[in-house]
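Engineer: Compute the structure for the input listed below.
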Amino acid sequence: MTEDVTYADLKFQESYALEVIPKSKAVDEKAFQNSEDLREETRKLKESREILQTNFSSKLQEIRQSLCFEDQVNSKINGTSCSLCPAVWKWMGDDQCYYISEDKRSWKDSKKFCLSQNSTLLILKDLKNLKISIKPDRYYHWIGLYNNGSEWRWEDGTALDMADNKWPNLRGSHGKCAYLSTYYNPSIERQTCVTEYYWICEKAALQLP
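Structural biologist: From the prediction side, this is the model:
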């Protein structure tokens with residue numbers, strides 16, 4: 001009886017082994033094929049990425065040639081980015097765009113217009129940095145400087161240092177809003193805020209790499 005059981009166990013084990021061996025081989029072959037397929041897909045994805053990068057660089061160069069100023073395109077040799085400004089806005093060689101109005105408004109309405117264009121009234125903390133070309137017959141332009149009752153502040157929230165002698169015409173009590181005068185030498189003057197002047201907005205230029 002014991003011999004019969006042993007024989008039956010051996011038959012069962014041999015039968016199980018014969019079934020498992022070919023299945024394991026098939027699994028290995030399938031795993032190998034999947035690995036090969038994965039490598040092929042990776043290679044194709046890499047090629048596609050390289051093609052997309054080449055096409056993107058080519059299209060970017062076309063955009064740069066179409067939209068950037070000639071001196072900016074040439075400056076790419078030195079690694080400088082290209083500054084783009086909206087239509088009717090001016091680029092003066094820095095990283096800012098400037099809008100010079102064609103009509104006159106109060107300081108408050110001028111500020112409101114600039115805000116609607118995602119910009120601010122011009123912040124000119126040093127007249128030496130004035131790069132904007134203004135029409136000869138338009139001498140007065142609102143800028144982003146106002147008096148809050150106790151001190152002068154720029155539109156970016158910084159206070160004006162009145163100890164600096166660059167601002168002699170802001171002293172006194174006449175007017176709470178500042179404007180740029182180019183009547184003779186450029187200067188910053190004060191005026192009542194309801195007076196209607198031209199105005200200048202500024203905002204950061206879009207940098208094209």
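Engineer: and stretch 43-55, what's its mean pLDDT?
Structural biologist: Averaging pLDDT along stretch 43-55 gives 81.
Engineer: and if you look at stretch 149-162?
Structural biologist: If you average the pLDDT over stretch 149-162, you get 90.
Engineer: For this structure, which segments count as strands?
Structural biologist: Taking DSSP state E as the test, the strands found in the chain are 82-84, 90-91, 96-100, 120-121, 140-147, 152-154, 177-181, 187-191, 198-204, 206-208.
Engineer: can you tell me how far the nearest residue to residue 94 once chain neighbours are set aside sits from residue 144?
Structural biologist: In this structure, residue 94 finds its nearest non-sequential neighbour in residue 131, 6.8 Å apart by C-beta to C-beta, 6 or more residues apart in numbering. Where you see a C-beta, it was placed from the backbone N, CA and C, and this is true even at glycine. Using C-beta to C-beta, to the nearest Å, residue 131 is found at 16 Å from residue 144.
Engineer: what does residue 154 give?
Structural biologist: Taken as C-beta to C-beta, the span from residue 154 to residue 144 is 6 Å.
Engineer: Give me the common contacts of those two.
Structural biologist: Residues touching both residue 154 and residue 144 by C-beta atoms under 8 Å, 6 or more residues apart in numbering: residue 123.
Engineer: who's more crowded, these two?
Structural biologist: Taking other C-beta atoms under 10 Å, residue 154 and residue 144 do not tie; residue 144 has more neighbours (24 against 19).
Engineer: for the more buried one, what are its contacts?
Structural biologist: 111, 114, 120-123, 154-156.
Engineer: any idea which of the residues you listed is closest to residue 204?
Structural biologist: residue 120 (10.5 Å; C-beta to C-beta).
Engineer: sorry, back to before: tell me who's in contact with the residue nearest to residue 94.
Structural biologist: 92-94.
Engineer: how far away is residue 99 from residue 174?
Structural biologist: 28 Å.
Engineer: Between the two, which has more neighbouring residues?
Structural biologist: With neighbours defined as other C-beta under 10 Å, residue 99 and residue 174 compare such that residue 99 has more, 20 against 9.
Engineer: Quick check, pLDDT for that one.
Structural biologist: Among the per-residue scores, residue 99 holds a pLDDT of 96.
Engineer: Let me know whether it touches residue 88 as I believe.
Structural biologist: Yes: at 6.9 Å, residue 99 and residue 88 qualify as touching, with contact defined as C-beta atoms under 8 Å.
Engineer: one step back: among the strands of the chain, which comes closest to residue 49?
Structural biologist: strand 206-208 (22.1 Å).
Engineer: Show me what that closest one is packed up against.
Structural biologist: helix 2-67, strand 82-84 (3 or more C-beta pairs under 8 Å, 6 or more residues apart in numbering; DSSP states H and E).
Engineer: tell me which residues of that strand are tucked away?
Structural biologist: Within strand 206-208, no residue counts as buried by 16 or more other C-beta atoms under 10 Å.
Engineer: Show me the strands paired with it, marking each as parallel or antiparallel.
Structural biologist: strand 82-84 (antiparallel) (DSSP bridges).
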